[in-house]
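# no sequence on this one, just coordinates:
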C-alpha cells in the first residue's frame with residue numbers, strides 16, 4: 001500500500017478531496033475528506049490496492065456496500081457512498097469527531113461499569129438492528145466503536161470484514177480478519193458464524209474497556225484462539241455488576257449465549273439501575289483534569305482578629321486627623337505619648353499636616369473599604385480552609401459520615417433508591433462528587449441504597465420449564481426447575497408448570513432483582529395399582545378397569561383350566577402401578593384346545609390308554625374284558641373333542 005501521505009489532496013470519484021490522514025491499518029487507510037458536492041466533512045476508507053484485481057472480492061464488496069448503505073440506525077455508522085479508484089476500493093462514511101474506543105484505551109482511559117453499560121447497550125442495539133437484516137459484522141473491536149461529539153457510539157465497518165474474508169489476497173504477517181483478540185470460539189474452530197459471534201466479541205471489548213485486559217490472550221494467534229474454546233469468561237472484580245451479563249454474552253457455546261437484542265436489553269436495564277455515568281473522555285479531551293492543591297501554611301482569621309483590625313484602623317485614622325481619641329483608646333502597641341506629641345506639634349507642622357487632609361480622607365475611606373472587605377470575606381468563608389471531598393460511594397452511612405467528619409464535612413441523606421450493585425444501607429452516589437474542593441463545614445448529600453429492586457413477572461401457568469425460564473429472564477430473574485421439585489399432578493399435564501416459589505413464598509408475582517425462582521414441573525397424574533377384576537365376563541372386568549381410570553382392551557387365550565368366556569387375568573397383572581389412562585388388557589379364556597380322537601381299535605386296553613394320553617385325552621370307561629382287545633370307542637375315531645376329554649372303549 002502506498003504511503004498514506006501520498007494520497008493527501010487527491011479527489012476520489014471527482015467528489016471527495018482527501019484532507020488529512022485519520023489512521024491506517026493492515027487492510028485500509030482512513031482519511032478525513034471534504035465532500036465538494038455537499039460541502040461537508042466525511043471519512044473515506046481506502047482499501048488495499050491489491051484488491052482491485054480480485055474480482056471475487058470486488059463482487060462481494062459491491063454487494064456488501066449496497067447492503068450496509070441501506071442501514072439507518074443511530075448506533076450504526078452511516079455509509080454514504082462507495083466506489084473504486086486506482087489505489088483501491090473505497091467507502092465514504094459518516095465522520096465522527098469523538099474518536100474510537102481504541103483511542104481511549106490507548107490513552108490509558110478505563111470505563112466505569114456505568115459507562116461500559118451505556119456504551120455496550122448502544123453498540124448492542126446497533127448490532128441487533130443489523131442482525132435483524134441479515135448482516136453479521138465479524139470484526140467487532142474497540143477500533144470499530146466510534147463516538148460522536150456527545151459520546152454516542154456508532155458501530156463501524158459492517159460488511160468489510162465479510163468481503164475481506166472471501167478475498168484471495170494475503171494480509172500482512174500477524175494480521176487476521178476478525179481480530180483474534182475478540183474472535184468467538186466458533187470462529188477459532190472454523191465453524192459458520194452468526195450474530196452471536198458479534199455478541200461474544202462485544203463482551204470481550206467491554207471486558208477490556210473496564211479491566212484494561214483482554215481475556216484469553218496468548219503469545220500467538222493460535223494460542224489466543226484455542227484458549228477460549230469451551231472456556232467461560234473469567235471473573236474480574238473491576239466488572240462489578242457487569243460480570244454476570246458479560247459472562248452470559250461470552251458463553252463458549254453459541255446456543256447458551258445472549259443475542260444482541262437480549263444483551264442490549266440487559267445492559268440498558270443495568271444502566272438505568274446504576275448512577276448516571278461521568279462523561280466519556282473523548283478524543284481531544286483530557287483524561288482527568290488536574291485539581292488545584294489546597295493552600296498550606298495559612299491560618300484563617302477569627303472574629304477577634306477582625307475586631308482588632310477595625311479598632312486599630314479607626315484609632316489610627318482619628319489620631320492622624322488630629323481629632324480626639326476614640327473611647328476605646330489607641331490600638332494596643334500605640335503609646336499615649338504618641339497622641340500627645342501629635343497634638344503638641346508646632347503651628348507650622350500643624351498647618352503642614354492640615355494641608356494633607358485630602359490624603360487623610362482617602363486613607364480613612366480605604367481603611368473602611370478594607371474593613372468592609374474583610375468582614376464580607378469572613379462572612380463568605382474566604383479564609384475558611386478547603387478540602388477535597390473524599391469518595392464515600394459504596395461505604396455504609398456510618399463509615400461515610402466518619403470519613404467526611406475527618407475533613408470537617410457533614411453528611412445528609414437525600415433519599416434512597418434501589419440498586420443492583422450496592423448493598424442496602426450503603427452510599428450509591430454523592431454530591432459534590434469525590435475530589436471536588438469544598439469549604440470546611442460543607443454538607444455532602446448522599447443517596448443510600450435500598451438494596452435490590454423488586455421485579456414483577458406474569459403467571460407461569462401453562463408454560464414448560466424453558467418457557468418459564470425465558471419469562472423470568474426478561475424480568476431479570478433466574479428460573480430453575482430442579483428434579484426434586486417435580487411432582488405428580490392430575491390437573492396439570494406432564495411437563496407444564498405446577499407452581500413456583502421464592503423464599504418459601506408460593507406463586508409470587510414479585511421477587512428481588514436476580515432472585516432464583518424455583519419452578520415445580522408436573523409429572524402428570526400419580527400412578528395407581530391395577531385392580532383385581534371379576535372373572536365372570538369381559539364386560540364386568542372392563543367396567544372395573546374404567547372405574548379405576550384405565551382403558552380396557554380384550555385378548556383371548558386357550559385354557560384347559562378356565563372355561564371359555566371367563567376372564568383368566570389382566571396384563572399388566574393386578575397390583576402393578578400405572579399412570580391413569582394407561583391401557584390394561586383383559587385376557588379372556590377360549591377354553592381348551594380341540595384334538596382329534598385317535599383310532600385305537602385292535603389295541604389292548606393298555607396300549608389304547610397310552611395312545612389316548614399322547615393325543616391329550618384320557619381313557620374313560622372300559623366296556624368288556626379288561627385284558628381284551630378294543631373293537632369300538634366313543635366318541636368315534638377322528639372326532640374333534642376338547643383336550644383332556646375322556647374316551648370310552650369297548651373290548652372283546
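Alright, I've got the coordinates. Keep in mind it's a predicted model, so treat the numbers as computed, not measured.
# please count neighbours and contacts with C-alpha atoms only from this point.
Fine.
# can you get me a residue count around the closest residue to residue 144 other than its chain neighbours?
Once flanking residues are discounted, residue 144 sits nearest to residue 156: 4.9 Å by C-alpha to C-alpha, 6 or more residues apart in numbering. The tally of other residues near residue 156 (other C-alpha atoms under 10 Å) stands at 25.
# residue 120 contacts residue 204, doesn't it?
No: using C-alpha atoms under 8 Å, residue 120 is not in contact with residue 204, being 10.8 Å away.
# what about residue 275, which SS state?
Here residue 275 is coil, with the state taken from DSSP: H, G, I helix; E, B strand; the rest coil.
# surely it meets residue 429?
Yes: between residue 275 and residue 429 there is a contact under C-alpha under 8 Å: 6.7 Å.
# comparing these two, which residue is more hemmed in?
residue 429 (21 against 16).
# how about residues contacting the helix or strand harbouring the more buried one?
When elements are assigned from DSSP states H and E, residue 429 belongs to strand 427-431. Strand 427-431 is contacted by residues 275, 392-397, 400, 419, 422, 444-449 when judged by C-alpha atoms under 8 Å, 6 or more residues apart in numbering.
# all strands in the stretch 451-600 of the chain, in order from the N-terminus.
Per DSSP state E, counting those that start in this stretch, the stretch 451-600 of the chain carries strands over the ranges 454-456, 478-480, 497-502, 505-506, 510-512, 516-521, 528-529, 551-558, 567-571, 577-578, 583-591, 594-596.
# starting from the fourth one, tell me which strands it pairs with and how they run.
The sheet places strand 505-506 alongside strand 497-502 (antiparallel), with pairing taken from DSSP bridges.
# re earlier: so which of the strands of the stretch 451-600 of the chain gets nearest residue 536?
Smallest distance to residue 536 across those (C-alpha to C-alpha): 6.3 Å, for strand 567-571.
# what is the rounded mean pLDDT of that closest one?
Averaged over strand 567-571, pLDDT sits at 94.
# which other residues reach that strand?
533-538, 541, 562, 584-589.
# turn the residues you listed into CSV, columns for pLDDT.
Listed next are the contacts of strand 567-571 as CSV, based on pLDDT from 0 to 100:
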residue, pLDDT
533, 93
534, 93
535, 90
536, 90
537, 92
538, 94
541, 94
562, 91
584, 96
585, 96
586, 95
587, 96
588, 95
589, 93
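# which among those residues count as buried?
Buried subset of the contacts of strand 567-571 (neighbour count, 16 or more other C-alpha atoms under 10 Å): 533-535, 537-538, 541, 562, 584-589.
# pLDDT below threshold where in the stretch 51-200 of the chain?
52, 159-179 (pLDDT under 70).
# what about 80?
Applying pLDDT under 80 to the stretch 51-200 of the chain flags the ranges 51-67, 86-88, 159-180, 188-190.
# what are the ranges of the strands in it?
With strands called from DSSP E, counting those that start in this stretch, the stretch 51-200 of the chain shows them at 79-85, 88-94, 145-147, 153-155.
# what sits closest to residue 105 if chain neighbours are left out?
Per C-alpha to C-alpha, 6+ apart, closest to residue 105 is residue 209, 6.8 Å.
# pLDDT score assigned to that neighbour?
As predicted, residue 209 sits at a pLDDT of 97.
# you'd agree it is in a helix?
Yes: assessed by three-state DSSP, residue 209 belongs to a helix.
# next up, the contacts around it.
Residues counted as contacts of residue 209 (C-alpha under 8 Å, 6+ apart) are 101, 105, 110-111, 116.
# so which two of these are the farthest from each other?
Using C-alpha to C-alpha, these span at most 12.4 Å, a distance reached by 105 and 116.
# quick one: which of the contacts of strand 427-431 has the most company?
Most surrounded of the contacts of strand 427-431: other C-alpha under 10 Å gives residue 448, at 27 neighbours.
# so it sits right up against residue 419, yeah?
No: shown here, residue 448 and residue 419 do not form a contact pair, counting by C-alpha under 8 Å, at 9.2 Å.
# how about the helices in the stretch 401-550 of the chain?
Here the stretch 401-550 of the chain has its helices, by DSSP state H, counting those that start in this stretch, at 465-474, 538-547.
# likewise the stretch 1-150 of the chain?
55-69, 101-106, 113-131.
# mind putting the ones you listed into TSV with mean neighbour count?
What follows is the helices of the stretch 1-150 of the chain, written out as TSV (neighbours: other C-alpha atoms under 10 Å):
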stretch	mean neighbour count
helix 55-69	17
helix 101-106	19
helix 113-131	24
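# which among the ones you listed is found nearest to residue 226?
Here helix 101-106 is closest among the helices of the stretch 1-150 of the chain (C-alpha to C-alpha), at 24.3 Å.
# what is the closest one packed up against?
With contacts defined as 3 or more C-alpha pairs under 8 Å, 6 or more residues apart in numbering; DSSP states H and E, the packing partners of helix 101-106 are strand 145-147.
# how about a cut-off of 10 Å?
strand 145-147, helix 195-211 (3 or more C-alpha pairs under 10 Å, 6 or more residues apart in numbering; DSSP states H and E).
# what does it contact?
Contact with helix 101-106 is made by 98, 100, 107, 109-111, 119, 141-147, 153, 205-206, 208-210, 212, 280-285, 287, as judged by C-alpha atoms under 10 Å, 6 or more residues apart in numbering.
# residue contacts, the residue nearest the centre of the chain?
Nearest to the mean C-alpha position of the chain, counting by C-alpha atoms, centre = their mean, stands residue 245 at 2.6 Å. By C-alpha under 10 Å, 6+ apart, residue 245 lies in contact with 117, 203, 239, 258, 262-263, 266-267, 270.
# same thing but 8 Å
263, 266-267.
# Serialize those residues to JSON lines and add fields for neighbour count and distance to residue 652.
Below are those laid out as JSON lines (neighbours: other C-alpha atoms under 10 Å; distance: C-alpha to C-alpha, whole Å):
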{"residue": "263", "neighbour count": "25", "distance to residue 652": "107"}
{"residue": "266", "neighbour count": "23", "distance to residue 652": "108"}
{"residue": "267", "neighbour count": "25", "distance to residue 652": "111"}
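# and which of these is nearest residue 249?
residue 263 (6.7 Å).
# so that closest one sits in a strand?
No: assigned with three-state DSSP, residue 263 falls outside any strand and is helix.
# and the pLDDT at it?
pLDDT recorded at residue 263 is 95.
# how about residue 613, phi and psi?
Note on residue 613: its backbone torsions stand at phi -60, psi -40 [degrees, to the nearest 10].
# what does the closest residue in space to it that isn't next to it in sequence show for phi and psi?
In space, and not counting its chain neighbours, residue 613 is closest to residue 619: 7.8 Å by C-alpha to C-alpha, 6+ apart. For residue 619, the backbone dihedrals are phi -80, psi 130 (criterion: degrees, to the nearest 10).
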